[in-house]
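Asker: This is the structure alone, sequence omitted:
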Ligand code: 9MR
């Protein structure tokens, strides 16, 4: 309501990089080529060409043409494309066009910190807020959290800190774990293949910005310390296991800032998946922190090894899929992949656990598929760490699985109207599709790192084009970036649509993206019958398609860092 309809010309609203492909999409009834014109910021025509009809596009249910203006490389801002009377949104051409996405995509995590004030000197006045869940009324505090009444574990845990998962105030080990892994992997990849200085100390606006440690590792540690605190203490039944999650007893309304939340906080039961997440991420942290803080590195490794042993002793503790009141369930019935991932991280860090890696049914690159990895499918994370480490075990099969999967995405993207590395069996788009797209963009980036074949680099940039506006809703899915960015993400603080005194989303937050299953009442009301890539609306209550989460932003941050690095060369 009140939102202008999508324009027919869809571009990367942020911009394109000289020397790399520059493509846009046009929705039109025409079946024959049309003339396009590129204009610079003064309105002068600087290039023209013919569109390429691609026929009917199922994902958007539109007839789409492709526009390729790759040959034009002059730097500038305010460029537009036009076809007939239709004009695109403006964009830049520059090697630095996406550079600041590094910081903005990673700033998301500081905004989401629990248990500490979010300070204006790091985020500006609009986004500053008091510490959440710090035991100051009406908060109940995360310092002495008991188990749910039906579990009665007989102890409380101090689980302050960590990141709020999303628009809610839950803290979940399974998706917090993969998000921390991905920040740590952003650093680990850059240290091996790329530009680790861009992730160094002083690169982010966070309290740890001058402690001598790369800031992206500091940010991940904020979550790590929370994950470690979720472990069942020694001397208790299930010691070494990790509680699955901690969240409010009942869902709160919009808006509710973290410090205003009066709900009781409760721990859910330990689960095997959460325990293996902790094992994997703690093991990964131990090798990355060794040069900076040997004590923490040792503590992380010992917690990770303890968790792994506990998971082996309790391999079938599956989180209750119906435990979804006051917080999401994040239930994952299959943990073969989490076992593999944890074993791989432990092996890379210690040289032990080798047989656990090679005996897994997933060894040999079996985890890669066109859907991609996420909180419920983590085997690929172990493979990626094995490939980067090049330690002992053969990684040839894993490398070829990465490349084969990347090729399948490129083949799919070549015929798509609005190319994105995304596929499901039924052609639908699922909850968090943008997170899967960003993770598949990461896979394309890794394929380039491994092969140096330009087609994979181009695929990673095309992924960014889709997320930043070359899509059929004609929105940039990243707040603060592009001519028409998402503003009203589902969030209890960035709730301007509910309360004009509150802010919209800060720059760098990725919307969950199209979800053709329409799993909330607003989506059901506004989007009946939508084509998969168009099942999206910028509405704060459309939580099944416009929420944000740490695990989607970690994927986006990984890709942002990769793309920024490859824009400069
Ligand atoms: O990201 C999760 C998605 O994969 C699931 O399909 C969905 C429904 O179970 O839940 C998503 O996670 C949400 C969580 O349950 C609660 N906090 C917000 C998360 C993102 O929407």
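Answerer: Noted; the coordinates are in hand. Since the model is a prediction, treat every value here as computed from it, not as a measurement.

Asker: Looking at the stretch 51-200 of the chain, which residue is nearest the ligand?
Answerer: Closest approach between the stretch 51-200 of the chain and the ligand, counting by Cβ to the nearest ligand atom: residue 166, at 3.5 Å. C-beta here means a position set from N, CA and C on the backbone, and glycine is covered the same way.

Asker: So for the residue in the chain positioned nearest to the ligand, what's the pLDDT?
Answerer: When scored by Cβ to the nearest ligand atom, the chain has residue 328 as its residue closest to the ligand, at 1.7 Å. pLDDT recorded at residue 328 is 97.

Asker: before we move on, what SS does residue 66 have?
Answerer: Classification of residue 66 by DSSP: H, G, I helix; E, B strand; the rest coil places it in strand.

Asker: returning to what we had before: surely the residue of the stretch 51-200 of the chain closest to the ligand and residue 553 touch.
Answerer: No. Taking contacts as Cβ atoms under 8 Å, residue 166 lies outside contact range of residue 553: 9.6 Å.

Asker: Helices of the stretch 351-500 of the chain, residue ranges please.
Answerer: 354-358, 379-389, 396-415, 433-451, 454-467 (DSSP state H, counting those that start in this stretch).

Asker: Likewise for the stretch 151-300 of the chain?
Answerer: Under DSSP H, counting those that start in this stretch, the stretch 151-300 of the chain gives helices at 173-193, 215-229, 272-289, 294-313.

Asker: Pop out the phi and psi values for the residue nearest to residue 135 when sequence neighbours are not counted.
Answerer: In space, and not counting its chain neighbours, residue 135 is closest to residue 141: 2.7 Å by Cβ to Cβ, 6 or more residues apart in numbering. For residue 141, the backbone dihedrals (degrees, to the nearest 10) come out as phi 90, psi 150.

Asker: Can you check what pLDDT the model gives residue 141?
Answerer: So residue 141 comes in at 94 (pLDDT).

Asker: quick one, what contacts the residue nearest to residue 519 when sequence neighbours are not counted?
Answerer: Excluding the flanking residues, the one nearest residue 519 by Cβ to Cβ, 6+ apart is residue 544, at 3.6 Å. Counting by Cβ atoms under 8 Å, 6 or more residues apart in numbering, residue 544 makes contact with 431, 512, 515, 517, 518, 519, 520, 523.

Asker: For residue 80, see how far away residue 46 is.
Answerer: Distance of residue 46 to residue 80, computed by Cβ to Cβ, to the nearest Å: 11 Å.

Asker: Isn't residue 47 up against residue 67?
Answerer: No. Using Cβ under 8 Å, residue 47 is not in contact with residue 67, being 10.5 Å away.

Asker: more neighbours, these two?
Answerer: Using other Cβ atoms under 10 Å as the criterion, residue 47 and residue 67 rank with residue 67 on top: 22 against 16.

Asker: Just to check, that one is in contact with residue 27?
Answerer: No. Using Cβ under 8 Å, residue 67 makes no contact with residue 27, being 11.6 Å away.

Asker: Pull up the residues of the stretch 151-300 of the chain that are close to the ligand.
Answerer: Within the stretch 151-300 of the chain, the positions near the ligand by Cβ under 6 Å from any ligand atom are 165, 166, 168, 170.

Asker: and residue 394, how many neighbours?
Answerer: 11.

Asker: For it, give its distance to residue 364.
Answerer: Applying Cβ to Cβ to residue 394 and residue 364 gives a distance of 9 Å.

Asker: Kindly report the same for residue 166.
Answerer: Residue 166 is 34 Å from residue 364, by Cβ to Cβ.

Asker: the more surrounded of those two?
Answerer: Neighbours per residue (other Cβ under 10 Å) separate residue 166 from residue 364, with residue 166 holding more: 25 against 17.

Asker: about what we covered before: out of the helices of the stretch 151-300 of the chain, which is the most enclosed?
Answerer: The highest mean neighbour count among the helices of the stretch 151-300 of the chain, using mean count of other Cβ atoms under 10 Å, belongs to helix 272-289: a mean of 29.

Asker: what is the rounded mean pLDDT of that one?
Answerer: 98.

Asker: Then stretch 338-346?
Answerer: 98.

Asker: Contacts for it next, please.
Answerer: Contacts of stretch 338-346 (Cβ under 8 Å, 6+ apart): 272-273, 276-277, 279-281, 283-284, 304-305, 307-308, 311, 315, 332, 352-353, 356-357, 360, 362-363, 367, 378-379, 381-383, 385-386.

Asker: does stretch 107-120 come close to the ligand?
Answerer: No. Using Cβ under 6 Å from any ligand atom, stretch 107-120 never reaches the ligand; the gap is at least 11.6 Å.

Asker: Centre of the chain to that stretch, how far?
Answerer: 17 Å (Cα atoms, centre = their mean, to the nearest Å).

Asker: what do you get for stretch 50-60?
Answerer: 29 Å.

Asker: Straight-line length of it, end to end?
Answerer: 22 Å (Cα to Cα, to the nearest Å).

Asker: Residues contacting that stretch, please?
Answerer: Taking Cβ under 8 Å, 6+ apart as the rule, stretch 50-60 contacts 26-28, 30-36, 62-68, 83, 415-418, 427, 429, 472, 531-534.

Asker: Could you do stretch 357-374 as well?
Answerer: 178, 336-337, 339-340, 343-344, 347, 377, 379-383, 386, 393, 397-402, 404-405, 408-409, 412, 421, 423-424, 432, 435-436, 439-440, 443, 551.

Asker: Which residues belonging to that stretch are considered buried?
Answerer: 357, 360, 362-368, 370-374 (16 or more other Cβ atoms under 10 Å).

Asker: Likewise for stretch 508-522?
Answerer: Applying 16+ other Cβ under 10 Å to stretch 508-522 flags 508, 509, 510, 511, 512, 513, 514, 515, 516, 518, 520, 522 as buried.
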